[in-house]
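Novice: Okay, structure incoming, though there's no sequence with it:
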């Protein structure tokens, strides 16, 4: 059977925001892999490639049952999380993106929302919400699930410090929360009062691994 060539999409990943053809003129090196912003599975990801390996083994350490991501943006990392949950069937996943029309649905900018939504349609472990993460509706939904499941929250939206300060106090002993763009868009001073008041600690040795791999991720663990 011959496939229909008209089904092939010509505009996906045509933006210059993410580098293309990096090894056309020279071999890739570790600095290329460590840089933030890449294509992953053809979509756009505001992470470096080592972040994927970091998450894979971070999940292996903690065996979370519920994960929340604030800030899907293009949705490629969200698609990784979704596939992880769909494959293992050991963790429920919620991702929140307030303005999906700016990136999630935009194929020219490597948007992956069209595929993520298909995954969500076939797996009860995969969910998405286009709503304000600071709303009572979002908070109540997340709190209901935190009370039932071992939880990991990944703050990567438009106001990471506010996300951390709002949701870290809801965590139980053993739950974890991480921020992206550590030292870039969020610093220790912005969340120190929450860390101290709610007995959070830097989650080692995972934090050292994230730093060494230049992922810009900083994880914390809720103590008793």
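Specialist: Here it is on my side, so go on. As the structure is a computational prediction, the values presented were derived from the model and not from experiment.
Novice: now the strands for this structure?
Specialist: Remark: strands assigned in the chain by DSSP state E are 38-40, 43-45, 66-70, 92-96, 126-129, 151-155, 176-179, 200-202, 218-222.
Novice: In a markdown table: the ones you listed, plus distance to residue 194.
Specialist: In this view, the C-beta of every residue, glycine as well, is placed from N, C-alpha and C. Formatted as a markdown table, the strands of the chain follow (distance: least, C-beta to C-beta, whole Å):
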| stretch | distance to residue 194 |
| --- | --- |
| strand 38-40 | 31 |
| strand 43-45 | 28 |
| strand 66-70 | 15 |
| strand 92-96 | 20 |
| strand 126-129 | 23 |
| strand 151-155 | 12 |
| strand 176-179 | 10 |
| strand 200-202 | 7 |
| strand 218-222 | 9 |
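Novice: Could you check these and tell me which one is nearest residue 7?
Specialist: Residue 7 sits nearest to strand 43-45 of all the strands of the chain, at 18.2 Å, using C-beta to C-beta.
Novice: Show me what that closest one packs onto, helices and strands only.
Specialist: Using 3 or more C-beta pairs under 8 Å, 6 or more residues apart in numbering; DSSP states H and E, the elements in contact with strand 43-45 are helix 76-88.
Novice: If we use 10 Å, what do you get?
Specialist: Here strand 43-45 is seen to pack against strand 38-40, helix 76-88, helix 113-122 when contacts are counted using 3 or more C-beta pairs under 10 Å, 6 or more residues apart in numbering; DSSP states H and E.
Novice: Comparing these, which stretch has the densest surroundings?
Specialist: helix 76-88 (a mean of 21; mean count of other C-beta atoms under 10 Å).
Novice: and stretch 161-172, which residues are buried?
Specialist: Buried residues in stretch 161-172, counting neighbours by 16 or more other C-beta atoms under 10 Å, are found at 161, 162, 163, 164, 165, 166, 167, 168, 170, 171.
Novice: Okay then, goodbye and thanks.
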